[in-house]
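In: sequence isn't available, so here's the structure alone:
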């Protein structure tokens, strides 16, 4: 089974802090994705990557950046956390571009 | 505009088949029908997808009507662990998935 592991299940940070969310997949997938999920808004795509060191903006990239130095690892960075970035963050991987997605368990981030 | 319409919620009896409907009347010829589910506090889980033909795997069956304007996800023997939000998504391969509100399925003992 594909395993997508997110480093933290719950995270509490202060406004202005730099936040790193880490994601690792073990199935040699080319594509990795970061979504956020908010009540009433569904899942929204932040960034995705289809190869090492490659990245593309999703629908809501503002306030975020990403890093993909190794194929198995995709990091989401909040340069200066704000309260409106309080959300559930979900990482996913896929063998092809937007083929069936395999999600991690999510990181519930609270920015105070 | 939403590409799919699903009931907001459904109940099913444990041990019985759960049939989740989805309408996608504007589906185009190259769009697939995907189903995911999300159990509370977890990430979405891929279930199944299809283009024209009915599909079956170890989790579920997908029945697509001949005109492709609707489909049904069938969980053959629902258990309490199948309680989740089920998302029906139509998508061209290579494009981002748009997750709507889905159907909240409650499997009841």
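Out: Happy to help now that I have it. These figures come from a predicted structure and were not determined experimentally. Numbering: from 1, shown residues only, chains lettered A, B, ... in the order given.
In: give me the residue from chain B nearest chain A.
Out: residue B:43 (3.0 Å; C-beta to the nearest C-beta). C-beta coordinates here come from the backbone N, C-alpha and C atoms, glycine included.
In: for the closest residue to that residue other than its chain neighbours, grab phi and psi.
Out: The shortest distance from residue B:43 to any non-neighbouring residue, by C-beta to C-beta, 6 or more residues apart in numbering or on different chains, is to residue A:103 (3.0 Å). Backbone torsions for residue A:103, taken as degrees, to the nearest 10, come to phi -100, psi 150.
In: burial measure for residue A:103, as a count.
Out: 24 (other C-beta atoms under 10 Å in any protein chain shown).
In: my read: it touches residue B:87, true?
Out: No - Residue A:103 lies out of contact with residue B:87 (C-beta atoms under 8 Å); the separation is 11.7 Å.
In: list the residues that contact both of the two?
Out: residue B:44 (C-beta atoms under 8 Å, 6 or more residues apart in numbering or on different chains).
In: re the thing from before, dump the residue contacts of the residue nearest to residue B:43.
Out: So residue A:103 contacts A:4, A:90, A:91, A:92, B:42, B:43, B:44, B:45 (C-beta under 8 Å, 6+ apart).
In: pLDDT weak spots in chain B?
Out: B:1-2 (pLDDT under 70).
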